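>>> model this:
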Amino acid sequence: MSSLPSVIIAGRSEDTKNYEKALERLGVSHRTTLQDEAADWATHLLLPGGGDITPAFFGQTYHGSRNVDTELDLLQFRLLSRFVAQKKPVLGICKGLQIINVHFGGDITQHIDTADTHKWTGHDQFHYVYHCDLSRRDFFYQLYGNSALVNSAHHQAINRPGKGLVPVCRAKDNVIEGLSHVNLPILAVQWHPERLPDHNGDSLLSYFFSLR
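Below is the predicted model of the structure:
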């Protein structure tokens with residue numbers, strides 16, 4: 001495998017401009033597509049933020065989900081499945097974290113009680129997240145130590161983590177804000193590193209691109 005990453009952004013280009021700009025700034029080769037055969041040549045998968053996941057995918061009816069796009073969900077799950085099967089690195093951002101969680105059998109709280117402190121209000125909100133994995137070998141502790149100030153634009157959150165997924169950080173209201181897989185090069189965050197002020201998300205993106 002080439003030492004240079006070739007990244008797939010799993011989305012529609014009209015919705016992924018911030019991610020594309022971040023990767024261009026970092027000089028990383030990328031393509032925005034929903035074609036699952038892209039997994040055969042790309043080295044990394046980025047699952048971007050977006051609307052909510054269709055609740056049927058995690059065995060629920062509608063209890064607060066909105067802005068769902070079932071076709072997009074299906075295509076993102078297919079791409080993720082291909083990357084998981086090939087044990088290639090995956091980064092989930094916001095909705096992408098939730099897609100990863102559902103893929104591994106976890107579920108989602110469709111509208112959290114503390115949504116007012118997390119949701120999009122015409123702009124990102126900001127709050128601290130805190131390391132919660134006692135092993136201290138996860139990506140969050142390596143990059144940030146015990147805490148980090150992050151941006152927030154979501155009203156849903158993980159309820160039950162999927163098989164093999166370990167929470168690595170939480171907000172003060174106990175919302176899971178980061179996950180990593182115990183065996184696979186898969187990590188995910190509930191915030192948006194691609195648009196953090198002053199390019200403060202670049203360290204996380206660069207860490208992801210270094211995975212093989």
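
>>> what's near enough to touch the nearest residue to residue 205 once chain neighbours are set aside?
Spatial nearest neighbour of residue 205, excluding adjacent residues (CB to CB, 6 or more residues apart in numbering): residue 193 at 5.8 Å. Glycine gets a C-beta too; all of them are placed from N, C-alpha and C. The contact partners of residue 193, by CB atoms under 8 Å, 6 or more residues apart in numbering, come to 22, 93, 200, 201, 202, 204, 205.

>>> if I look at residue 193, how far off is residue 135?
22 Å (CB to CB, to the nearest Å).

>>> re earlier: when you check the contacts of residue 193 against the helices, which ones overlap?
Per DSSP state H, helices hold the following members of those: 22, 202, 204, 205.

>>> Look up the pLDDT of the second one for me, please.
Predicted confidence (pLDDT) at residue 202: the value is 98.

>>> Could you count how many residues lie near it?
If you count neighbours by other CB atoms under 10 Å, residue 202 ends up with 15.

>>> my read: it touches residue 27, true?
No. Using CB atoms under 8 Å, residue 202 makes no contact with residue 27, being 11.2 Å away.

>>> And for residue 126, nearest residue in space, chain neighbours not counted?
residue 151 (5.6 Å).

>>> where do the helices sit along this protein?
Going by DSSP H, the chain shows helices at 17-25, 70-85, 95-103, 139-144, 202-210.
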